[in-house]
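Engineer: The sequence and its predicted three-dimensional model are supplied below.
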Amino acid sequence: MRIPVSVGAALFIGAAPAAAMDCGKAATVVETAICADQNLLAADDAMAAAYREVRTLSTSAEKKMLALSQRGFIAEREKQCGTGSPPEIKSCIGERTRQRLTRLQGEPESGPGNGSRLIPLYIAQEPGPGAYGLDIEMTRFAKPQSAGEKRFNAWIGELMQKLPLGRQKIERSDVSYSYLAFASVGYLSTDLLLARVMQESYDGGAHSAHFSSTINIGMKTGKELAVSDWFSEPMAAKLAEACYGQIAAEKKQRFEDPAYDPAQDAQLNKEVIAEHVATLSRWSITETEGSLQFDEYTVGSYAEGSFACVFPMTELKALALPGAPLP
């Protein structure tokens, strides 16, 4: 779970907010609970240590936003965990602190890793006249060495260059424009990196737009993989047919209509699904499964919600080409 951060541009200060807990000065409900429990105190200390390590690996600009993000996390943890019974408070603190520690440690969602340090990157900006409200969490290799690490950092840099930073052309002054993005590395090994960035943009319309970007890299070559590196055309066609079946079943369940006929659903287009299957940037991969994400309006109306096809990794490997670079 991502902890939202809301900070103003005037808060560009560099002091580190994550020193080890001084239990002699514990004043809040959360601070008191942490100091009363050795496990919570150890987790909080580990988080503070990870924060300090990230600072040493960050640029000056990154350090400023990292500090703001950490302050935002601490304030949000206090807000979320400061009420309830003692067991509820303890559980909330433990969960939030572990989540933050995982992000600061740069751990991929799955895979053995490759020995290199990933660090988070934060950008926050308050909405205002001519300015989007930004809440961005990206990631990069602290000291890229291999071709794959350098390509991944370049990809993150390309995405960040497209962010609506500073003053923008904003058509409506009566609403707050916003842009959120969250990066995650789904799988990482010495041979393979699979990563995804989830994005949400609100530009004053009826609702927000949700979309994603993914990248799948051979770490030794720096080459971005294609679906053809994984599946033959006949196997890709089988996946497309299976994906069509998953979405049709999901629609029938959501509509609660036994008479729903996917053949009569103009928005459920087999060609669109096949095109998505054939585009690797639509895929999100972890050690245990692969999922195919569909942006809004591609296979259903906005009111229907988002759709995804999910395949266990065992099934994907059974359909894959011999020696295909899957986890």
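Structural biologist: Alright, I've got the coordinates. Numbering: from 1, shown residues only.
Engineer: Can you show me the strands along the stretch 151-300 of the chain?
Structural biologist: Along the stretch 151-300 of the chain, the segments classed as strands by DSSP state E, counting those that start in this stretch run 178-188, 192-202, 209-218, 283-285, 289-294.
Engineer: oh sorry, the question was meant for the stretch 1-150 of the chain
Structural biologist: Counting by DSSP E, counting those that start in this stretch, the stretch 1-150 of the chain has strands at residues 118-125, 133-141.
Engineer: Make a markdown table out of those and add mean pLDDT and mean neighbour count.
Structural biologist: Heads up, the C-betas are built off the backbone N, CA and C, glycines and all. Listed next are the strands of the stretch 1-150 of the chain as a markdown table, based on pLDDT from 0 to 100; neighbours: other C-beta atoms under 10 Å:
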| stretch | mean pLDDT | mean neighbour count |
| --- | --- | --- |
| strand 118-125 | 93 | 22 |
| strand 133-141 | 94 | 21 |
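Engineer: Now render those as a markdown table, adding distance to Ser176.
Structural biologist: Shown next, in a markdown table, are those (distance: least, C-beta to C-beta, whole Å):
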| stretch | distance to Ser176 |
| --- | --- |
| strand 118-125 | 11 |
| strand 133-141 | 6 |
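Engineer: can I assume Ala237 is in contact with Ile273?
Structural biologist: No - proximity of Ala237 to Ile273 does not meet the contact threshold set by C-beta atoms under 8 Å, at 10.6 Å.
Engineer: neighbour count winner among the two?
Structural biologist: A side-by-side neighbour count of Ala237 and Ile273, using other C-beta atoms under 10 Å, places Ile273 first with 24 against 14.
Engineer: how far away is that one from Tyr179?
Structural biologist: The gap separating Ile273 from Tyr179 is 28 Å, by C-beta to C-beta, to the nearest Å.
Engineer: residue contacts, the nearest residue to Asn39 once chain neighbours are set aside?
Structural biologist: In space, Asn39 comes closest to Gly94 once its chain neighbours are excluded; the distance is 7.2 Å by C-beta to C-beta, 6 or more residues apart in numbering. Taking C-beta atoms under 8 Å, 6 or more residues apart in numbering, we find Gly94 in contact with 39-40, 43.
Engineer: Buried ones among those?
Structural biologist: Listed as buried from the contacts of Gly94 are 40, 43; burial here means 16 or more other C-beta atoms under 10 Å.
Engineer: could you dump the contacts of Gly94 to TSV with distance to Thr32 and pLDDT?
Structural biologist: Shown next, in TSV, are the contacts of Gly94 (distance: C-beta to C-beta, whole Å; pLDDT from 0 to 100):
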residue	distance to Thr32	pLDDT
Asn39	15	95
Leu40	11	95
Ala43	16	95
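Engineer: Nearest to Phe73 among the contacts of Gly94?
Structural biologist: Of all the contacts of Gly94, Phe73 sits closest to Ala43, with 13.3 Å by C-beta to C-beta.
Engineer: what's the nearest residue to the closest one if we skip its chain neighbours?
Structural biologist: Nearest residue to Ala43, sequence neighbours excluded (C-beta to C-beta, 6+ apart): Thr97, at 4.7 Å.
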